[in-house]
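Q: Here is my input, please return the structure:
(2 chains)
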Amino acid sequence: MPSEIEQRELLWQARWKEAGLARAHAVPGRPKHFQIFAYPGASGFLHLGHMRGYTYADLVARFHRMAGEQVFFPAGIHASGLPAVVFANRVARRDPDVLDGLRERGVPDAEVPHLEDPERAARFLGQTYWKIWERFGLLLDPEAYLLTTDPDYQRFIRWQFLRLQERGLLVQKPHYAPFCPRSGPVSVDSSETDIARGGDAEIITYVAVPFPLEDGRTLLAATLRPETVYGVTNLWVAPDSTLKEWHHEGRRYLTSATAVRKFLDQVGGTEGPPVPASTLLGREVTIPLAGGRVPILASPVVDPELGTGVVMSVPAHAPADWVAAQDLGPIEGGPLQAGARVLLDLPADRLSPSERKLLGGDGPPAARSIRALGVHSLDDRDRLQEATERVYRAEFAHGIMTVPPWEGLTVPQAREKVTDLLLREHGGFQLREFSEPVICRCGETVIIRRVPHQWFLAYGNPGWKGEAREALSRMRLDPPEYAQEMSGILDWYDDRPCVRQGRWLGTPFPLDESWIIEPIADSTLYPAYYVVRRYVQRGLLTLEQLTPAFFDFVFLGLGPGEPTVPQALQAEIRRDFLYWYPLDLNLGGKEHKRVHFPVFIFNHAALFPPELRPRSILIHWWLTSTKGEKISKKDVKGGAVPPVDQALQDWGADGLRVYFALGATTFQDAEWDPEAAAHAAARAQTVLKDLLGMLATPPPPSAPAPGELDTWLLTRMAGMVRRSREAYERYDFRAAAEIGFVEIPQVLDRYRIRGGRSASTLRQAGAVWVRLIAPITPHLAEEAYAQTGQGLVAEAPFPREDELPSDPRSLLKEALLEGLEEDLTSLRKGWKGTPSGLRVFVAAPWKYRLETWLASRPNPSPAPRGALLKELLQDPEFASHRAEVPRYLDLILPGGRPGIQTLPELSPAEELTILRQAHDYVGHRLGGLAVEVVLEEEGAARDPQGRRARARPGRPALYLWSDPESGSGKRVPSDSSSR
RNA sequence: GCUGGCGUAGCCAAGUCUGGCCAAAGGCGACAGACUCAAGAUCUGUUCUCGCAGGAGUUCCCAGGUUCAAAUCCUGGCGCCAGCACCA
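A: Sure thing, here's the model as predicted:
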């Protein structure tokens, strides 16, 4: 049952539909605005958090429409990838949450099994998204709506990939990816997708360093610090463990059984016989790169499940190895210590104080850290662990290699070179493993598998990077800091896998149909396709006509086009594309900073010429739960955030839109606050009521002639118009909403309190006001604007400043009164009686001269009070006020120091006139007492406390008194402010 | 660790780029008043401390610095959040 607010909003949405407002029309010669938001994945039901960005997007589109531009604002659903599959799986499992969601959306039970199909699930979810967008008042072009699983879209994607390939931007090379032996390729991330456990696991890449035995077999020792191979004194193995042979390209390697399985997955080869570690103890291996022979020794702390079960011992740099070497009594003083070679320098001046403390003293870094932390045995695991981490970190950050041939290199540089050398020339391998066990949803343990011929998008390609950077240099990014960040992101970008096998949705890869294009890669150039989609939707193009030749012609202007498409139509589509392109704005949440937006720029840069590359990106922050976290299903289920339907029913789309706009600045997370939302919604309704009143009644013929107050109001409004336009232009939705929903009501309040009641002035102000807020609250703006009989406000022109008469001096005059009221308020605070009269003293003319004189000096005046005084008293006029001038200087120079002086803006006579005209009003504000306005120098005025001396230009002195005869003075008021 | 962002009153959140009009907008909450049988809603006032005269004192994470003047600029520190690759 729709609430009253909803019914009214639905009415206006129907009107917009009738008027075809959302449909884009290319009008040659007229300015255009083409914008999208990053389309959502088909992952589940939308919640309020999503609506913040959509609201912003619609606000921008509506502002541009009112600014006189042709607007194209399409939207689609990113159905590719896993989310829809996961959703469909949940339907198949009859997940109660999902079933509830379906029921709430009116899905009959009989329909539910159909949604076990991911594609249909995506289509269904897309419909629910579209409904909510419409319900929020978004004017999205219905003809351009698409899913990325639609066959026409996929033809576009295939074209895109063919062209990328043609330009050499697709490359093939090995890749290592998470893989479930039962379910196939999986992705490891902590959100609900493929993984039952270990979603936060990271892939750690070890270097397996080969150490040949004299019998032709080779031990593989896994390490994260291959550059320390020069400091190896021995190898460690767990004495009771059993290693295994692994045969690869005719060679026999020895590693743990676990590692053999990993090598089989990641490198290939075959499994050999088991080898008890005990048979290796005491035998010698050759150190690669460094040369020399070292023994294999037993260590109880080696974990055979980690790495290869064989560990390099580098006592100089690994605290555990140092301690272990000490524990081996018989060898102490022998080869281990002799070989404990220090490989790098740690310049003391680069270390932090805590690092200096850790690494002070003599000997190798590992020995120093052991000493600093007081570690005596391998059993002291925690402190040993701490020592290890801190030494590694310090060395990684500050270490300078001293071992030939790497002298002078930093540790990261040396590591890269040593790794390269080991892999290329010494038969080393890389070994990847998860930082923690990863379990697939099916229960199987996830492994890392080598994909030998993975396709990559070559974002690491320097030429492409250059183009992308060039594109970026011409773009506007908001917030502006993001431009700087983006530049770094583009640099950091490297080749990225772009296809995958397994069960997920997407476009088959045109170069090898057994692969499916990865979801991020299929959503980079798509704004271009929205243009074409409208023709498909209208039935003017068939699927078969969407050939590479067609897209070449439409998007690139190349070739004759697709012969089966009528020439005129094809030319029209090309023209249409050139009209709308480039994209003016792509808007998305901050989660898109590092993935979607960079590849969006990259792909445009790859395929489109500079003039067709995107113009701007706007990223907005999130609506978060009360815990400051991104809103999740749990928040909705737990009642922390209301479901969208409920929120719409209670507050209306406009109410929520005001809340989103007002709740926080665009570039800051906002915590969901239901009270504030309710308030925003109430504010929206108050504004509507006010507007209706202002616009409804035509001014009566006997209306009072507009006066100074009316000029003031309209001048204020003109200022609002300018600031509002600027706010929209810089996407400061908060400022725009604040003007429309806070400041204008305040100004109108004041106008009325001051006695303004000109219907024609109010009508004039209202006609501007309603258009200022129309982008934010389109529905209620329509309702109010309907009173003017001028059609739809959505199509009305955004106000211009010069629509209103404006006089800056009217602001000065009113400001004088406002200041007076402020002073009165603070006087009343300390006043315990009921005042019966107020006398206002306008400052003496010499004070105006004095302040003018001060202001005309260099600001701030360099002269101290004494010097100023001396100079002043040379002037005969000031000299004649010899007694008052010093006191006055004390009043206006805070702390006796010169500050900034501003020119008095009104003359004493003007101030007197303004205050006298307003004295009824001021008296009324004080509860109906007598107010008298006099000049400071009027000697007759009663002023027992000498208040008049305080009078300043623009700030009259006040004497508030209670008449002792009236009997009301010094009475403590009932009890209002006495607490 | 790297990259980026943030730290403002009981809470949320403006202000910081472009120093002065800032004891610091707006909202929530709280307190008081009006209305009401009452509650709610609405409206009004108050909401750092002191002060029976428009003032003074102490505040914008902490410590320094620049300046006539700092929430705002600079240096250092502390704390929090996000992203870090195939996940949209």
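Q: With adjacent residues omitted, what lies nearest to residue A:202?
A: Distances taken as C-beta to C-beta, 6 or more residues apart in numbering put residue A:435 closest to residue A:202, at 4.7 Å, once the chain neighbours are dropped. To be clear about C-beta, it is placed using only N, CA and C from the backbone, and glycine gets the same treatment.
Q: Report the residue spans of the stretch 851-979 of chain A with pLDDT below the cut-off.
A: Per-residue confidence for the stretch 851-979 of chain A (pLDDT under 70) gives these ranges: A:859-862, A:894-899, A:927, A:963-979.
Q: So which residues of it form helices?
A: Applying DSSP state H, counting those that start in this stretch to the stretch 851-979 of chain A gives helices spanning A:865-872, A:876-879, A:884-892, A:908-917, A:919-925.
Q: OK, contacts around residue A:97?
A: Applying C-beta atoms under 8 Å, 6 or more residues apart in numbering, we find residue A:97 in contact with A:90, A:633, A:637.
Q: okay, now residue A:545: neighbour count?
A: Residues lying near residue A:545 (other C-beta atoms under 10 Å) number 21.
Q: Make sure it is actually in contact with residue A:561.
A: No - Residue A:545 lies out of contact with residue A:561 (C-beta atoms under 8 Å); the separation is 9.8 Å.
Q: Secondary structure element holding the closest residue to RNA strand B within chain A?
A: The minimum distance from chain A to RNA strand B, using C-beta to the nearest atom of the strand, falls at residue A:187 (2.1 Å). For residue A:187, there is no helix or strand it lies in under DSSP states H and E.
Q: ok, now residue A:236?
A: According to DSSP H and E, residue A:236 maps onto strand A:234-237.
Q: Now do the helices in the stretch 451-600 of chain A.
A: For the stretch 451-600 of chain A, the helices defined by DSSP H, counting those that start in this stretch cover A:462-473, A:481-492, A:526-537, A:548-551, A:567-580, A:596-607.
Q: Hmm, residue A:403 and residue A:411 touching each other?
A: No - contact between residue A:411 and residue A:403 fails when scored by C-beta under 8 Å: they sit 11.4 Å apart.
Q: So these two - more neighbours on which side?
A: Legend: neighbour count by other C-beta under 10 Å for residue A:411 and residue A:403, higher for residue A:411 (22 against 19).
Q: Give me the sheet partners of the strand holding residue A:236 and which way each runs.
A: Using DSSP bridges, strand A:234-237 pairs in its sheet with strand A:293-298 (parallel), strand A:310-313 (antiparallel).
Q: what's the next secondary structure element after it?
A: Using DSSP H and E, the helix or strand that follows strand A:234-237 in sequence is strand A:242-248.
Q: Could you list every helix and strand in contact with that following strand?
A: Where contact means 3 or more C-beta pairs under 8 Å, 6 or more residues apart in numbering; DSSP states H and E, strand A:242-248 is packed against strand A:251-256, helix A:257-266, strand A:270-276.
Q: what packs against the helix or strand harbouring residue A:654?
A: Per DSSP H and E: residue A:654 is located in helix A:644-663. Packing partners of helix A:644-663 (3+ C-beta pairs under 8 Å, 6+ apart): helix A:4-18, helix A:48-66, helix A:118-135, helix A:674-696, helix A:733-738, helix A:778-785.
Q: try 6 Å this time
A: Here helix A:644-663 touches helix A:4-18, helix A:48-66, helix A:674-696, helix A:733-738, going by 3 or more C-beta pairs under 6 Å, 6 or more residues apart in numbering; DSSP states H and E.
Q: could you check whether the last one is close to RNA strand B?
A: Yes - for helix A:733-738 and RNA strand B, the contact criterion (C-beta under 7 Å from any atom of the strand) is met by A:734, A:738.
Q: Now that helix - C-alpha only, CSV.
A: Provided in CSV are the C-alpha atoms of helix A:733-738 (Å, rounded to 0.1, in the frame of the first residue of the first chain):
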residue,chain,number,x,y,z
PHE,A,733,25.7,18.4,-3.6
ARG,A,734,25.7,19.1,0.0
ALA,A,735,26.2,22.8,-0.6
ALA,A,736,23.5,22.9,-3.1
ALA,A,737,21.1,21.1,-0.7
GLU,A,738,22.1,23.4,2.1
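Q: got the contact list for the spatially most central residue of chain A?
A: By C-alpha atoms, centre = their mean, chain A has its centre lying nearest to residue A:590, at 3.0 Å. By C-beta atoms under 6 Å, 6 or more residues apart in numbering, the residues touching residue A:590 are A:619, A:621.
Q: residues near the residue of chain A closest to RNA strand B, how many?
A: 17.
Q: and the gap between it and residue A:440?
A: From residue A:187 across to residue A:440, the span is 11 Å (C-beta to C-beta, to the nearest Å).
Q: How about residue A:376?
A: Relative to residue A:440, residue A:376 is positioned 44 Å away (C-beta to C-beta).
Q: Please say which of the two ends up with more neighbours.
A: When residue A:376 and residue A:440 are compared for neighbours, residue A:440 comes out ahead with 23 against 13, by other C-beta under 10 Å.
Q: what separates residue A:285 from residue A:274, distance-wise?
A: Distance from residue A:285 to residue A:274, by C-beta to C-beta: 19 Å.
Q: quick one, which of the two is more surrounded?
A: The neighbour comparison of residue A:285 against residue A:274 (other C-beta under 10 Å) goes to residue A:285, with 25 against 11.
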